[in-house]
Each structure stands twice: as C-alpha cells, then as structure tokens.
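Asks: Structure of the sequence below:
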Amino acid sequence: MIGRTIGNYHITAELGAGGAPSFSPNGNFLLFVSGSSGRDEVYVTTFPEPSTLWQISSNNGNFPRWSADGRTIFYTTTSELWSVDVTMGDRSLAVGTPKRLCARPTTNWSGRWPDGFDVSADGQRFLVAEAINAPNDAPPAIVTVQNWFEEFRGR
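Replies: Reported below is the predicted structural model:
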C-alpha cells in the first residue's frame with residue numbers, strides 16, 4: 001500500500017538473497033537472486049512470510065523480472081536471455097522449464113545498466129543494450145590538443 005509501512009523483511013540470512021528483488025504482479029511472491037549454491041541463481045519465495053522457495057534458473061541466472069501478467073519470469077546469464085513460464089496460485093507456484101530465448105551481448109558496464117535488457121508489457125519484445133566497442137577494444141581515448149589555434153594561424 002502506498003503511504004503505509006508494513007514492516008521490514010530480512011530474507012538475506014534465511015534464504016541467501018543477494019539482490020535484484022522484485023514483487024510479483026499480485027504481490028504474493030518475491031523474485032530474487034542468491035549465490036548460496038556457489039553461483040548466482042534466480043529464486044522465488046512467498047511473501048510476506050518466506051515459507052516456500054522455488055529455484056527458477058538451472059545453470060546460473062541474474063537480473064530477473066516478472067512479465068506484466070505474472071505468467072513468465074525473464075532473466076539473464078552472462079551471454080543469454082532466458083524465460084520460465086510460471087503459474088501462480090494464492091501461495092503456490094508451478095514452475096516450467098527454463099527456455100533460452102536468444103544470445104545477448106555482454107555489456108560489462110558494472111552498475112550503469114548491469115542487466116542490459118528490458119521486456120515490453122506484452123512480453124513479446126525485448127530491448128537489449130549492446131556496447132558500441134567490442135569487449136577487447138581499447139576504450140575511447142580523449143585527445144587534448146593545446147595551442148591548436150597556432151596550427152591555423154596564417155592560413
């Protein structure tokens with residue numbers, strides 16, 4: 001509810017939640033990333049009481065987000081975009097098999113837009129960020145030219 005504090009919930013210790021939290025569209029579930037298995041994976045738990053835990057990704061996962069209708073969860077790996085169909089009950093969740101949607105460029109932007117993708121409201125179009133330079137290219141240089149006016153004097 002807007003304007004009302006209902007309390008603080010600390011799921012980090014219990015579930016190993018590491019980041020990218022997101023409420024389901026119906027507000028009954030919490031989507032997040034945890035590295036408690038030794039690598040980052042995407043999980044869902046019930047909310048506000050984390051009583052059940054479902055693993056969504058199967059071989060690494062980060063930066064998850066719900067589709068607008070709550071029927072799909074999207075997430076990334078280092079170089080791919082994935083989706084998982086889900087069916088929400090009041091306090092239950094049926095999780096489908098992860099499906100690879102496409103390859104995506106690795107951005108390596110550390111914080112500027114780390115997930116590098118967004119999903120349209122209908123879940124049918126994706127915006128994927130791509131670095132202009134290849135990852136092994138040298139970063140753009142800034143060249144400072146002093147006394148440049150002297151170069152053109154007398155021409």
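
Asks: what helix or strand does the residue most central in space within the chain sit in?
Replies: Residue closest to the mean C-alpha point of the chain, counted by Cα atoms, centre = their mean, is Phe63 at 1.7 Å. Following DSSP states H and E, one finds Phe63 within strand 62-66.

Asks: Convert the C-alpha atoms of that strand to CSV, please.
Replies: Extracted in CSV, the C-alpha atoms of strand 62-66 (Å, rounded to 0.1, in the frame of the first residue of the first chain):
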residue,chain,number,x,y,z
ASN,A,62,20.8,-12.9,-12.8
PHE,A,63,18.7,-9.7,-13.1
PRO,A,64,15.3,-11.4,-13.1
ARG,A,65,12.0,-9.7,-13.8
TRP,A,66,8.4,-10.7,-14.0
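
Asks: quick revisit: check the gap between the residue nearest to the centre of the chain and Val145 for me.
Replies: Computed as Cβ to Cβ, to the nearest Å, the Phe63 to Val145 distance reads 41 Å. Backbone N, C-alpha and C define where each C-beta goes, glycine included.
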